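Peer 1: structure, please.
(2 chains)
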Amino acid sequence: METNQTRLKEVLAIVNNKGGVGKTTTVQSLAVAMKREHKDWRILVIDLDPQGDLSKLYGWNKSREGQPTITDAMSTENGHLPIYKSDRGIYFVPSSPKLQKIEPKLQEQMQPYMVLRKLIIGSVEDCSGEGITSIPEWFDYVLIDCPPALSMCTYNAMAVASGLLIPVQMEGLSVSGLAPVIVEMERVKRELNPQLELRGILPVMVDARPNISKSFIAYLEQAYGDNITTTIIPRSVRVNEAQTKKQDIYEYKQWSPVANAYESLAKELFG
Amino acid sequence: MVKKSSGWNLQEMQETLVKDTEQRISDGFHEIASASAEPKPTENVGGEKHHPSDIIPQPSAIIPQPSEQEPTKGVQTYIPMSMYRRLNDIKLTRRENIAALVAQAIELWLDVQEGKRKVEKVI
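Peer 2: Sure, this is the predicted structure:
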């Protein structure tokens, strides 16, 4: 394999140790927004959350039990990432509830924090029928939906990512929860992955009206400077409505403010 | 506007992975060697410190006794290095504590085999 001629430009981990802040929505919407803007891009999303919400949005359901998931790949030293393709043209690696109990299996491996990196570098299990053999050679971007905890899965994501995107709600607890994530990111950068950098702190579910949202954004800008994305994702009931129908926001309401916001985010991050 | 990404570099990812592998192998063997030479106090689940000489386990009850022909050095491979490396980590999980106890027992057993310690009392 030619190590200096890969297609892969970026591996972006979407991280926050708080649940319900819009990580999964961000991964789902961002992937589609990128694909709409650049039709030739191949985008892979990896569901690292045992709840498997992202996988469900791609149509993964109980009838597919028994088919390989990320849990199978991460459970052994010589696993392969199973890659499927959604009907929206996004490739994905599904999660399963068993991922909740993966930690002992990771601990048994020689490099428990490098398991996902080995899988991304190594050969894959192509379940899309498109002849995918290598992630770095086949894909342009990889997005990783992390679990809502600083667990071993999250560290694995940080150990292979080149960038970190942290969605944050404009609430006191959410904003104060940012610091531990950034501290851990710095530690991973120092000890495991010098390529890792903070790509952005993304204000999500922002209610434009209350002054408190504006205060939090002003505080974030003061504390984290240019790391705050210019794009702000507004709160919208359309997201819930779309996900209830197992659709992305562009299928459901492509002209909605939230759809526009994710398009702006894709341009801001990836051009 | 956030700054542009420096990009994902496969070669660097491979190199740091190889470096980490070598480091772990090196650390693992180094720690086993130094631990055998000079036993240090370790922490148990409750954070209480014990010196290895406080506990003298019966070796045959914990790990199988090798035959006389087998070299005792082979015992080193019984402990996953990833676990051994974290013996002094305060965030030890239950599994790792078990690994730590087994490692400690092996360490003591090796000392007894080499004549560095004597078994005074079997609990």
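
Peer 1: would you map the helices across the stretch 101-250 of chain A?
Peer 2: A:103-107, A:115-121, A:135-138, A:152-160, A:172-176, A:178-191, A:211-224, A:237-244, A:249-253 (DSSP state H, counting those that start in this stretch).

Peer 1: redo the ones you listed as CSV? Include mean pLDDT and mean neighbour count.
Peer 2: Where C-beta positions appear, they are placed from N, C-alpha and C, glycine not excepted. As requested, these are exported to CSV (pLDDT from 0 to 100; neighbours: other CB atoms under 10 Å in any protein chain shown):
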stretch, mean pLDDT, mean neighbour count
helix A:103-107, 90, 17
helix A:115-121, 95, 24
helix A:135-138, 96, 20
helix A:152-160, 96, 25
helix A:172-176, 76, 13
helix A:178-191, 92, 15
helix A:211-224, 83, 14
helix A:237-244, 88, 16
helix A:249-253, 89, 18
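
Peer 1: of those, which is nearest A:Arg36?
Peer 2: helix A:249-253 (6.5 Å; CB to CB).

Peer 1: contact partners for the spatially closest residue to A:Tyr252 that is not a sequence neighbour?
Peer 2: Leaving aside its sequence neighbours, A:Tyr252 sits nearest to A:Ala242 (CB to CB, 6 or more residues apart in numbering or on different chains; 3.6 Å). A:Ala242 is in contact with A:248-249, A:251-253, counting by CB atoms under 8 Å, 6 or more residues apart in numbering or on different chains.

Peer 1: between these, which is nearest A:Glu171?
Peer 2: So of the contacts of A:Ala242, ranked by how close each gets to A:Glu171 (CB to CB), first place is A:Ile249, at 22.3 Å.

Peer 1: now do the contacts for that closest one.
Peer 2: Contacts of A:Ile249 (CB under 8 Å, 6+ apart): A:29, A:32, A:238-239, A:242, A:256, A:258-259, A:262.

Peer 1: and the two most separated of those residues?
Peer 2: A:Val32 and A:Arg238 (14.0 Å).

Peer 1: thinking again about what came up before, kindly present the contacts of A:Ile249 as TSV, with separate columns for distance to B:Arg117.
Peer 2: Listed next are these as TSV, based on distance: CB to CB, whole Å:
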residue	distance to B:Arg117
A:Ser29	64
A:Val32	66
A:Arg238	71
A:Val239	65
A:Ala242	68
A:Ser256	73
A:Val258	68
A:Ala259	71
A:Tyr262	65
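
Peer 1: tell me which of these is nearest to chain B?
Peer 2: A:Tyr262 (15.0 Å; CB to the nearest CB).

Peer 1: burial measure for the nearest residue to that closest one once chain neighbours are set aside, as a count.
Peer 2: Here the nearest residue to A:Tyr262 in space, its sequence neighbours aside, is A:Ser29; by CB to CB, 6+ apart that works out to 4.1 Å. Neighbour count for A:Ser29, taken as other CB atoms under 10 Å in any protein chain shown: 24.

Peer 1: mind checking how far A:Ser29 is from A:Gln243?
Peer 2: Distance, A:Ser29 to A:Gln243, using CB to CB, to the nearest Å: 10 Å.

Peer 1: number of residues surrounding A:Asp126?
Peer 2: Count around A:Asp126 with other CB under 10 Å applied: 18.

Peer 1: you'd agree it is up against A:Ile135?
Peer 2: No. Counting by CB atoms under 8 Å, A:Asp126 does not reach A:Ile135; the two are 10.7 Å apart.

Peer 1: for A:Ala208, phi and psi?
Peer 2: phi -70, psi -20 (degrees, to the nearest 10).

Peer 1: for the nearest residue to it once chain neighbours are set aside, what are its contacts?
Peer 2: In this structure, A:Ala208 finds its nearest non-sequential neighbour in A:Pro234, 6.3 Å apart by CB to CB, 6+ apart. Counting by CB under 8 Å, 6+ apart, A:Pro234 makes contact with A:205-208, A:257-258, A:261.

Peer 1: could you say which helix or strand holds B:Ala105?
Peer 2: helix B:94-113 (DSSP states H and E).

Peer 1: give me the element A:Val11 is part of.
Peer 2: strand A:10-14.

Peer 1: and A:Leu44, by the same measure?
Peer 2: strand A:43-47.

Peer 1: can you name the element that comes right after that strand?
Peer 2: By DSSP H and E, the next helix or strand past strand A:43-47 is helix A:53-57.

Peer 1: list the helices and strands that following helix packs on?
Peer 2: helix A:23-37, strand A:43-47 (3 or more CB pairs under 8 Å, 6 or more residues apart in numbering or on different chains; DSSP states H and E).

Peer 1: which positions in the stretch 51-200 of chain A make contact with chain B?
Peer 2: Within the stretch 51-200 of chain A, the positions near chain B by CB under 8 Å from any CB of the partner chain are A:103-104, A:107-112, A:114, A:117-118, A:121, A:136, A:160-163, A:192-195, A:197, A:199-200.

Peer 1: for B:Lys3, helix, strand, or coil?
Peer 2: coil (DSSP: H, G, I helix; E, B strand; the rest coil).

Peer 1: separation between the nearest residue in space to it that is not next to it in sequence and A:Ile232?
Peer 2: Closest residue to B:Lys3 apart from its sequence neighbours, by CB to CB, 6+ apart: A:Asp226 at 6.3 Å. Counting by CB to CB, the gap from A:Asp226 to A:Ile232 is 15 Å.

Peer 1: more neighbours: these two, which one.
Peer 2: A:Ile232 (18 against 12).

Peer 1: per-residue confidence for that one?
Peer 2: For A:Ile232, the pLDDT comes out at 92.

Peer 1: over to B:Ala37?
Peer 2: pLDDT, read off for B:Ala37, is 41.

Peer 1: same question, the one 4 residues further on
Peer 2: Looking at B:Pro41, its pLDDT reads 43.

Peer 1: related to what we said a few turns ago, which one of the helices and strands packed on helix A:53-57 is the most hemmed in?
Peer 2: strand A:43-47 (a mean of 26; mean count of other CB atoms under 10 Å in any protein chain shown).
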